[in-house]
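Peer 1: Make a model of this:
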Amino acid sequence: MVIPKLSRRLGVWILRELSRAKSSPMRAGYVQSPYSQYLQPLTRINTFRGAIFQKHHHFSTTIVDNASKEGSEEKGKISVTFVDKDGEETQIKVPIGMSMLEAAHENDIELEGACEGSLACSTCHVIVMDMEQYNKLEEPTDEENDMLDLAFGLTETSRLGCQVIAKPELDGLRLALPAATRNFAVDGYKPKPH
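Peer 2: Numbers count the residues shown, from 1 in each chain. Down below sits the predicted model:
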């Protein structure tokens, strides 16, 4: 009961003060008074069917031309070819920003990824087949190199699939899957002889 009375009194006071304030002639669409900082420029306010649209107009369209939608989807993907141990090739489209491990799983390609991309295994080991493409990748971190040291069939262009992230310059990437993987959680750890 107290709040509605207070709100009403405040509203009456504001109206009274606004009507008493000395208004100077309108300049550049503003009402000049002590409270003009609270008023919007008149030129920026438009009424349309009872609604007031101010500075920012937010519109959305729900109908999209299918051709333009497909075109934008293709721009956000790169072509990647996985070559399995038998030489069979599988070409897929991978969204920019997705790891090769995720892409392989989404496309039923046999790339294990036992640690689910947490850099705790080497089961998502892939071999980049083109040195030029390999050089476009970011340098492997120390953690990735530590895991790669444990990978089966390590090569000069070996990487972990969870650390190879799709980006536009990698379009056409070809990745070979090694003949085997080492999953220490299943196989047990056997240190390499020096």
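Peer 1: got the contact list for Leu111?
Peer 2: Residues in contact with Leu111, defined by CB atoms under 8 Å, 6 or more residues apart in numbering, are 82, 100-101, 104-105, 123-124, 126, 161, 177. From N, CA and C alone the C-beta is placed, and that goes for glycine too.
Peer 1: Which pLDDT value belongs to it?
Peer 2: Reading off the per-residue confidence, Leu111 sits at a pLDDT of 93.
Peer 1: Tell me if Ala104 really is in a strand.
Peer 2: No: for Ala104, which was evaluated using DSSP: H, G, I helix; E, B strand; the rest coil, the result is helix, with no strand membership.
Peer 1: that older thread, which of the contacts of Leu111 lies closest to Gln91?
Peer 2: Phe82 (8.0 Å; CB to CB).
Peer 1: what about the chain, any weak spots by pLDDT?
Peer 2: Under the criterion of pLDDT under 70, the regions of the chain flagged as low confidence span 1-74, 182-194.
Peer 1: try 80
Peer 2: Applying pLDDT under 80 to the chain flags residues 1-75, 180-194.
Peer 1: hey, where'd the helices end up in it?
Peer 2: Counting by DSSP state H, the segments of the chain that form helices are 2-20, 66-75, 100-106, 131-135, 142-148, 184-187.
Peer 1: Now tell me what touches the third one from outside.
Peer 2: So the one you mean is helix 100-106. If you take CB under 8 Å, 6+ apart as the criterion, helix 100-106 is touched by 80, 82, 92, 94-95, 109-111, 113, 117, 124, 126, 160-162, 164-166, 175.
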